[in-house]
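*Asks:* Got a predicted model here, sequence first, then my questions.
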Amino acid sequence: MIGRESNLRKEAAVNLSEVAASTQLRKIRQQGYVYVELRRVGRRISFFCILCLTPCYSETVLFVHLGGNLHKRRLAGAKATLFGATPWPFDDGVLFFDTSTETDMLMHDAPGLGRNCSCGASSRSSCSVADEVTTCNWADNSLIIPGVLLKQGVSGLAVQPLGVGQIAYRVQENKESRGKIITRIWCAWLGQEGSNLSDELNVPVTSQYAIVNFPYAYGLGRKPAPGDEDLPMQPMLPRKDVATLLNRRTGNLACSSRNTTGAFHPFHASCLIHWILICELEMLADQKQSTETTEDAREDQRLENRISSVFCPECQGTGISIQGEELEKPTVPLSEMLRYKLKTIEATEAWMKNPEMLKKCSTGLHFPSDCTENSEENVVPLKLLHFFRAHEQRQA
Ligand SMILES: [Zn+2]
Ligand SMILES: [Zn+2]
Ligand SMILES: [Zn+2]
């Protein structure tokens with residue numbers, strides 16, 4: 001009994017410090033530091049700067065961090081990309097944050113829920129919604145995604161449109177050699193009205209893929225996968241936003257062509273956007289090179305493993321409707337996948353240091369180029385990217 005009492009006392013002490021930390025955090029956020037939140041590391045509570053992914057174990061340490069050079073650099077990048085009139089509606093804990101100052105909830109680091117963006121599960125849906133996804137007036141409807149593994153089993157997942165992003169890139173063309181280099185590619189958040197702007201924006205294409213966003217506590221279609229191996233990344237935290245890929249043409253989640261159980265891979269919303277951007281970039285490079293080197297057979301060979309579609313960065317599913325039990329096969333070797341992921345991480349870092357200056361909030365990739373002489377730069381709109389959010393679970 002004595003042990004129990006002392007445990008209770010310890011717990012009370014922990015709760016007290018949580019209350020104190022919440023009060024401190026509220027004040028800190030009122031001062032404009034909306035990208036600071038609370039996280040628990042073991043039994044300790046820490047302030048956490050989402051811009052720098054830095055834990056600070058006291059208010060003093062936090063303010064030293066906020067006054068430091070690293071933070072100032074990241075803040076400058078964030079001001080240019082994340083602090084617009086229409087902020088990204090996500091809070092994924094690695095790039096996007098909740099700009100409302102109301103949030104003072106304690107975030108619990110949850111070991112065992114997946115250390116990073118990757119997931120080892122795999123499965124698939126048996127039916128497809130077919131083309132109505134792209135042809136229906138989806139803005140007025142919930143879209144039902146069939147055969148998704150949720151908390152209570154496999155069922156239809158209702159998602160509502162959240163808004164639209166515009167993918168565009170900056171290209172540098174050498175006036176003499178006509179060689180082209182893409183120096184930046186990004187997604188700008190247009191918000192809910194974005195889909196009405198496509199004519200005005202002169203964006204000819206809508207991406208075949210969309211992003212579906214969830215709160216992580218949502219009972220995601222993720223089976224525990226011990227032994228996941230991937231790049232060291234940030235964990236996905238309960239209540240934070242995670243995202244998965246939807247194939248708008250078939251109405252299936254991308255992972256559904258790689259498994260038959262309805263399981264799918266969740267990622268940080270920002271990581272998934274960056275992955276889509278790298279896929280688009282590779283597809284652009286592929287087009288460019290294949291027109292330049294059509295007669296070079298060796299070159300064709302070299303390009304064999306290039307990315308030809310957006311796909312799940314974990315299982316490489318595209319969400320095509322599969323025939324019977326014959327699952328889609330991955331086409332990109334794991335070593336190549338690792339190379340693309342590293343390239344994405346580097347380019348995201350470079351973007352935060354030197355982002356495209358846009359009126360809208362954005363996130364993107366930057367590939368610094370040294371040959372700026374004798375070249376001409378253009379910004380090219382590429383695609384609209386639709387975003388959905390799953391609010392509650394319904395039967396199809
Ligand atoms: Zn910071
Ligand atoms: Zn997947
Ligand atoms: Zn991630």
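*Replies:* That came through fine. Residues are numbered from 1 along each chain as shown. Ligands and ions are numbered 1, 2, ... in the order given.
*Asks:* All the helices of the stretch 151-300 of the chain, in order from the start?
*Replies:* Ranges of helices within the stretch 151-300 of the chain are 198-201, 269-292, 297-302, based on DSSP state H, counting those that start in this stretch.
*Asks:* in the second one, what counts as buried?
*Replies:* Going by neighbour count (16 or more other Cβ atoms under 10 Å), the buried part of helix 269-292 is 269-285, 289. Heads up, the C-betas are built off the backbone N, CA and C, glycines and all.
*Asks:* Now do that helix, average pLDDT.
*Replies:* For helix 269-292, mean pLDDT is 85.
*Asks:* and that helix, what other elements does it pack with?
*Replies:* strand 153-174, strand 180-191, strand 209-215, strand 241-247, helix 334-353, strand 362-366, strand 375-390 (3 or more Cβ pairs under 8 Å, 6 or more residues apart in numbering; DSSP states H and E).
*Asks:* would you list these in JSON lines and tack on mean pLDDT, distance to ligand 3 and mean neighbour count?
*Replies:* JSON lines is the format used below for those (pLDDT from 0 to 100; distance: least, Cβ to the ion, whole Å; neighbours: other Cβ atoms under 10 Å):
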{"stretch": "strand 153-174", "mean pLDDT": "90", "distance to ligand 3": "17", "mean neighbour count": "20"}
{"stretch": "strand 180-191", "mean pLDDT": "95", "distance to ligand 3": "15", "mean neighbour count": "23"}
{"stretch": "strand 209-215", "mean pLDDT": "91", "distance to ligand 3": "13", "mean neighbour count": "23"}
{"stretch": "strand 241-247", "mean pLDDT": "92", "distance to ligand 3": "9", "mean neighbour count": "27"}
{"stretch": "helix 334-353", "mean pLDDT": "94", "distance to ligand 3": "10", "mean neighbour count": "16"}
{"stretch": "strand 362-366", "mean pLDDT": "97", "distance to ligand 3": "12", "mean neighbour count": "24"}
{"stretch": "strand 375-390", "mean pLDDT": "93", "distance to ligand 3": "17", "mean neighbour count": "19"}
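*Asks:* what's the closest of these to ligand 1?
*Replies:* Distance to ligand 1, taken as Cβ to the ion, is lowest for helix 334-353 among the helices and strands packed on helix 269-292, at 11.3 Å.
*Asks:* Is there proximity between that closest one and ligand 1?
*Replies:* No - using Cβ under 5 Å from the ion, helix 334-353 never reaches ligand 1; the gap is at least 11.3 Å.
*Asks:* What helices and strands are in contact with that helix?
*Replies:* Partner elements for helix 334-353 (3+ Cβ pairs under 8 Å, 6+ apart): helix 69-81, helix 269-292, strand 362-366.
*Asks:* do you know which of these lies nearest ligand 2?
*Replies:* Nearest of these to ligand 2, taken as Cβ to the ion: helix 269-292 at 10.8 Å.
*Asks:* Compute the inter-axis angle for the closest one and strand 209-215.
*Replies:* 170 degrees (axes from the mean of the first three to the mean of the last three Cα atoms, to 10 degrees).
*Asks:* what angle do helix 269-292 and strand 362-366 make?
*Replies:* 50 degrees.
*Asks:* before we move on, back to that, would you mind putting the helices and strands packed on helix 334-353 into a markdown table with distance to residue 28 alongside?
*Replies:* Listed next are the helices and strands packed on helix 334-353 as a markdown table, based on distance: least, Cβ to Cβ, whole Å:
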| stretch | distance to residue 28 |
| --- | --- |
| helix 69-81 | 14 |
| helix 269-292 | 23 |
| strand 362-366 | 24 |
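*Asks:* closest to residue 18 out of these?
*Replies:* Closest to residue 18 of the helices and strands packed on helix 334-353 is helix 69-81 (Cβ to Cβ; 24.8 Å).
*Asks:* do the closest one and ligand 1 meet?
*Replies:* Yes - using Cβ under 5 Å from the ion, helix 69-81 reaches ligand 1 at residue 71.
*Asks:* In terms of secondary structure, what does that helix contact?
*Replies:* helix 334-353, strand 362-366.
*Asks:* and the last one with helix 334-353, angle?
*Replies:* When the same axes, to 10 degrees is applied, the directions of strand 362-366 and helix 334-353 differ by 120 degrees.
*Asks:* Just want the angle from strand 362-366 to strand 153-174.
*Replies:* Going by the same axes, to 10 degrees, strand 362-366 makes 60 degrees with strand 153-174.
*Asks:* could you dump strand 362-366 to PDB, C-alpha only?
*Replies:* Extracted in PDB, the C-alpha atoms of strand 362-366 (Å, rounded to 0.1, in the frame of the first residue of the first chain):
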ATOM      1  CA  SER A 362       4.300  26.200 -49.500                       C
ATOM      2  CA  THR A 363       6.700  23.400 -49.000                       C
ATOM      3  CA  GLY A 364       9.200  22.100 -51.500                       C
ATOM      4  CA  LEU A 365      12.600  20.800 -52.600                       C
ATOM      5  CA  HIS A 366      15.600  22.900 -53.700                       C
END
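*Asks:* could you say what helices and strands that strand packs with?
*Replies:* Using 3+ Cβ pairs under 8 Å, 6+ apart, strand 362-366 sits against helix 69-81, strand 180-191, helix 269-292, helix 334-353.
*Asks:* Tell me the gap between the shortest one and the middle of its chain.
*Replies:* Centroid displacement of strand 180-191 relative to its chain, using Cα atoms, centre = their mean, to the nearest Å, is 15 Å.
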